[in-house]
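A.B. asks: Fold the stuff below for me.
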Amino acid sequence: MAKKKRVVDFSDEESTSKPFKIPKICRYSKPETVRSNRESISECQSQLRASTETVLNAKPVSPEAPNVLKPSSTYQPFPQLQSIKKENVHLWQESSDFKNAPAVIQKHSVSVIYEKYPAALWECEEVFSIMPTKKFRVTLKVSGECYEGCAPSKKEAKRLAADECLLKRLNMKSSFSMATLKPPTSPLSVDSMSKEDEKTSKLRQKKLAIAPGTPLPTELENNAIMKVYEIYGTDKCVINFEENSQNPAQRFQATLRIEDKCYEGAAASKKKARNACALQVLGDYGYVIPIPPPVTDTFLSKDPSDTIEQHLQEFADKVAELSQAKYSELCAYVEEHARRKKVLAACILYNNSSTSSNNSSNDTDPPSAIFRADGDMEVIAMTTGTKVLGGEFLSCDGKAINDSHAEIQIRRCIMRFLYGQLRAIREGRCSVLEKVNDKYRLKPEFSLHLYINTAPCGDARIFSPKQEGSQAQVVDVDTHPNRSNRGVLRTKIESGEGTIPILSATEAFQTWDGVLAGQRLRTMSCSDKLCRSNLLGLQGSLLSKFLCPLYYSSVVVGRLYSFSHLSRALYGRLDVPEVTNVLPEGFYLNKPLLLPVSVTEARSVSKASGFCMNWTYGDAAPEVTRTSDGKVFNANNTGTPSRICKNSLFKLFIKEHKREVAAAKTAGTLTEDMEGKYDELMYYEVKNEAKDYNKVKNILIDHFKNSNLGCWVRKPIEQSMFSL
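C.D. replies: You can find the predicted model right below:
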């Protein structure tokens, strides 16, 4: 049964005149409440009507009029607004600025100038500024008077000049150039606002107060400035930076001022320097700041407490600086698409004799003592690149580059440089090589140093360098979930970035028809190839006919530097008697210095470029190749072979062999097996002639296999079955 609505009857009330309608909600209220509300609203309405008539009609109000107040200068029709300070209202009414306020027009100021002054002249000039952004000055001439506007853009500067003209000549302002005019603020209100801000700041600090001795949360160790802003506010924190080029480890010096206190900090980057200042602030506030652990990464020292010496750090920074400068210089010769890079590698030739005479040293000093930043250094090779060859572009004549990673191409550039030095010796010119017995070697005063702007892909990069200071490593217990894959051989994959481990021996075999049918072409990682070079040398199998093994003296790494991971990946996996005790004469396990740089590049999240560069000392300009097909990129798209491909290096080997034959004829030492020895041989057959080199290579492959670190993946043999 439907419930009847309750209706209140007001027919018994004395007043039947209703100046307004009762809202619906009052129908269900109590009669006493409704009657009270009605009387209050009626009284307010009468007061408002009376005050309005008084102001608009300026007629005196009759004293007999009921419920009407006599108007006065201080009358306030709405009691709810009595909280407004009388001083502010008085200042607002008496303000001369408000009385003389310019008229606001609903047009753009430049349009008004064109309408009012058609003959006005505009002049624009660029203003010299030390700031990186440009500035323009526009001058408006009207009837001989000039009005100026200065802004980062011509349009904005023109508008400012027009605003000034309208304000001074016509006392007008454009609504496009100003906000709604606001009443001036009295000094009293400003003081009250500042006092209230100060009170709010103290309340905030009181709310965030902590007990002395509170440990600093882990998330604030590297982002302490955010807590400082939360406590004191951003308006009270002033940070200034100064750059110091003398010490790369403390390149930036930060000064943080909070009220009357000053905090200083220095680091290799602005962010770290600012964080050092913020940690001091939090320490004074009551937090317990943890003491950072000392650096324990060493280069070759057996004592873990030894840190990298200052002269070696300066040397590493100098190597990185020269490499980056050479890259910037070579970018002028290539187009924009070839300048993008993720990985940069360079080889520096260092003259040891330039510092040995200037610095006191003795026989007990380590070889690294002569590596100093003030020595003679020259960049002899530079490469960029991060991709590998596509399987459909496999070349059976050696004219395509399989691996376009910068760390691998740099070795090919070094081989070109060495062929040039051999030719210089044959022609009687100066060279960095000298002859010992029947082969050549690098002169003792010279050394080769590799720079990479990031850790090489594979085992040296796969594990995070931030794990160096973990508690697990302190107690010599490896608790990493992927610890079983440390030192495992890894391969790059076609049409992708990164590396994957070799799971079984069957994956080490790749066939020509299998790759062409769709099997992904796999290439050994850069960490594994650099490890091989530290055992076999940089010269390769062909040059081992003329040269003794050559090795890097140091490897300077930019981002993702970790001594433990780099040392394991580059030589630690081979540092066992089963390898080092069975090497032929001239070969040894090279352990280069592993050095970081003070300031690293920022991590790039852009997609890797499909082009790469290579340059060798003596080249007029860098060569740009496509990573997809491994050939030179040019406008005609003819697929020209690169100067560092297998075919080109094989030609250099044949030419050098012919020079050797010619020199033997001149000296009368020519034998029957020398002339025409390689005319009919294929590329892989010539490589197999290097007996000692191939023996060491087999020792390397067998060790990885027997140590359960994986099998070395080789390309299809058809790639090396070509002749000139």
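
A.B. asks: Counting by contacts, list what the host helix or strand of A346 packs against.
C.D. replies: A346 is part of strand 344-351 when elements are defined by DSSP states H and E. When contacts are defined as 3 or more C-beta pairs under 8 Å, 6 or more residues apart in numbering; DSSP states H and E, strand 344-351 packs onto helix 310-330, strand 376-384, helix 406-426, strand 446-454. Where C-beta positions appear, they are placed from N, C-alpha and C, glycine not excepted.

A.B. asks: ok, now which ones touch L516?
C.D. replies: Neighbour list for L516: G391, E392, L394 [criterion: C-beta atoms under 8 Å, 6 or more residues apart in numbering].

A.B. asks: what about 10 Å?
C.D. replies: For L516, the contacting residues are G391, E392, L394, P716, by C-beta atoms under 10 Å, 6 or more residues apart in numbering.

A.B. asks: export those to JSON lines and tack on pLDDT, neighbour count and distance to N240?
C.D. replies: Below are the contacts of L516 laid out as JSON lines (pLDDT from 0 to 100; neighbours: other C-beta atoms under 10 Å; distance: C-beta to C-beta, whole Å):
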{"residue": "G391", "pLDDT": "86", "neighbour count": "19", "distance to N240": "56"}
{"residue": "E392", "pLDDT": "86", "neighbour count": "12", "distance to N240": "58"}
{"residue": "L394", "pLDDT": "88", "neighbour count": "20", "distance to N240": "59"}
{"residue": "P716", "pLDDT": "90", "neighbour count": "18", "distance to N240": "62"}
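
A.B. asks: related to what we said a few turns ago, sheet-wise, list the partners of the strand holding A346 with their directions.
C.D. replies: Under the criterion DSSP bridges, strand 344-351 sits next to strand 376-384 (antiparallel), strand 446-454 (antiparallel) in its sheet.

A.B. asks: Redo these as CSV? Include distance to M721, mean neighbour count and mean pLDDT.
C.D. replies: Converted to CSV, the strands paired with strand 344-351 look like this (distance: least, C-beta to C-beta, whole Å; neighbours: other C-beta atoms under 10 Å; pLDDT from 0 to 100):
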stretch, distance to M721, mean neighbour count, mean pLDDT
strand 376-384, 27, 23, 93
strand 446-454, 32, 23, 94
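
A.B. asks: so which of those strands gets nearest S175?
C.D. replies: Between S175 and those, the shortest gap by C-beta to C-beta is with strand 446-454, which sits at 54.0 Å.

A.B. asks: Model confidence for S361, exactly?
C.D. replies: The per-residue pLDDT reported for S361 equals 44.

A.B. asks: Equivalent analysis for L160, please.
C.D. replies: 90.

A.B. asks: what does the one 10 residues further on give?
C.D. replies: Note for L170: predicted pLDDT of 86.

A.B. asks: Quick check: it vs Q106, distance?
C.D. replies: 15 Å (C-beta to C-beta, to the nearest Å).

A.B. asks: quick one: which of the two has more around it?
C.D. replies: Neighbours around L170 and Q106, counted as other C-beta atoms under 10 Å, are more numerous at L170. The numbers are 13 against 7.

A.B. asks: contacting residues for that one?
C.D. replies: By C-beta under 10 Å, 6+ apart, L170 lies in contact with P102, A103, I105, V112, K116.

A.B. asks: mind checking how far the third one is from R137?
C.D. replies: The span separating I105 from R137 equals 25 Å under the rule C-beta to C-beta.
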